[in-house]
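Visitor: could you work out the structure for the sequence below:
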Amino acid sequence: QVHLVESGGGSVQAGGSLTLSCAASGYTASMPWFRQAPGKEREGIALIVSDGRTIYADSVKGRFSISKDNAKNTLYLQMNSLKPEDTAMYYCAADPIHGVAWWVSRGWRSWGQGTQVTVSS
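Guide: Numbering: from 1, shown residues only. Next up, the predicted model:
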């Protein structure tokens, strides 16, 4: 199992930016970022595939950017133009379960502990 540690969360005002990091120990290929707001399901918001392609949920497209430094085995999420509705706990994941859509949380075996992002209006 892959060990994951997220960092970089915090409190910002609407319109601000944050960069999240996810340090991984172990083999990683495709990796996603998920988020979970209070009372809501965990949702996949961005994926970077092993060949470098990226996919985004409509809710963050054009504002968030996912990247991965393979030499450091670290995943990043650059978040710009933040909105109050982006407030959530953010998680990275690894080790996909084949046959499950990437945006579904049960499709990933390894998870970090999460980092909180709070956006005030």
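
Visitor: list the contacts of the one residue sitting closest to the centre of the chain.
Guide: Of all residues in the chain, the one closest to the mean position by CA atoms, centre = their mean is residue 33, 1.9 Å from it. Contacts for residue 33 were tallied using CB atoms under 8 Å, 6 or more residues apart in numbering; they are 20, 22, 44-47, 64, 66, 75, 77, 90-92. For every residue, glycine as well, the C-beta is placed using N, CA and C.

Visitor: now with 7 Å?
Guide: 45, 46, 66, 77, 90, 92 (CB atoms under 7 Å, 6 or more residues apart in numbering).

Visitor: helix or strand: which one has the fourth one?
Guide: Translated: residue 77. Under the criterion of DSSP states H and E, residue 77 resides in strand 74-79.

Visitor: that older thread, any idea of the pLDDT on the residue nearest to the centre of the chain?
Guide: pLDDT for residue 33: 98.

Visitor: could you number the chain from 38 rather than 1 from now on?
Guide: Will do, 38 is the new start, and the previous item becomes residue 70.

Visitor: is it in a bridge, and if so with what?
Guide: When bridges are called by DSSP bridges, residue 70 pairs up with residue 83, residue 129.

Visitor: can you count the residues close to residue 129?
Guide: 30 (other CB atoms under 10 Å).

Visitor: should've said residue 122
Guide: Other residues close to residue 122 by other CB under 10 Å number 11.

Visitor: which SS class is it?
Guide: Look at residue 122: counting by DSSP: H, G, I helix; E, B strand; the rest coil, its state is helix.
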